[in-house]
Structure formats: C-alpha cells, structure tokens
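In: sequence and predicted structure below; questions after.
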Amino acid sequence: PDYMKPLEESLQLNNVPNVSAKALDWGNPGNLEGHWDWIIGSDLVYSLELCSLLTGLWAKMLEVYPDSTFIYSHTLNRWEDSGYDWPLHEAAVATGISFKLLQVDGRQVREDDDVVIPDRKVTIIMQVLGPRSPM
C-alpha cells in the first residue's frame, strides 16, 4: 500500500537496525508471520466504526502475539468535543482491553504518579493490555 512507502523509506534513510514494518489487515491480524517484539500505532481512529474495529484488532493480536509489547500513542482532545476518545475507551472496556499509561504530554508516568490529564489537546502513550496481560 502507498502509506507504507514513506515508513519504509524512513527506516532505510535512518538505517534503523533490526526493525521492519509490515502492512496489517485489521480484519485478519494473523497475517503477520514471525515474532514481533513491538507493535506500535499512533492516532489510528478517525471514525466511530474504527473504535470497535481497533480494539477488536488489539484483542485478537494479544492472543496471536502474546509475547509482543503493544504501544499506542493517542492525541486526546484532538477534536473539540473530544471526538473519539470516549468511544475508543468504551470499545476497549467492552473487549477486555486496558491501558497502562506510560507518558503524558512528553512526561514519563511512574507507577506511583498521580496523573492529571490536561483539558486540552495532549499526546498520551500507553501500553495496550488484554485480560491476561501482565501489568
């Protein structure tokens, strides 16, 4: 797909060792062969339908690749009415997905931190966890 070309060019240009990128069919996550240490995504939701599709994908992938670490970066309040933030959260809860917050607005989050999410556009980075994922 055309969207993969810039990513592949960036990996080659930056000479990133031991990293590969593959297109992923959200309806068939088992199409990725081999072992994946990290599976990373960012701001993948642009419609209400994608909320449940993405969380369903995460649930399937956590079963297919249980030893992989899933990281998702999301821009909260990207839309004025918070857009798809709450529907994404609801879809995650409905599929048994939870999140471990790793970073808010560029600041690392530790286990004992009291985190306050600003009421403005802010980037969060989180680990995607399934019902059987270790915390």
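Out: All right, it came through fine. Residues are numbered from 1 along each chain as shown.
In: now D105. Nearest residue, chain neighbours left out?
Out: V122 (4.8 Å; Cβ to Cβ, 6 or more residues apart in numbering). C-beta here means a position set from N, CA and C on the backbone, and glycine is covered the same way.
In: is the one you found bridged to anything, and to what?
Out: Taking DSSP bridges as the rule, V122 bridges to L76.
In: quick check: it touching V104?
Out: Yes. Between V122 and V104 there is a contact at 6.6 Å, judged by Cβ atoms under 8 Å.
In: and stretch 117-125, end to end?
Out: End-to-end distance for stretch 117-125, by Cα to Cα, to the nearest Å: 12 Å.
In: how far away from the center of its chain is that stretch?
Out: Using Cα atoms, centre = their mean, to the nearest Å, we find the averaged C-alpha position of stretch 117-125 to lie 15 Å away from the chain's own average C-alpha position.
In: for that stretch, buried residues please.
Out: Applying a neighbour-count criterion of 16 or more other Cβ atoms under 10 Å, the buried positions in stretch 117-125 are I124, I125.
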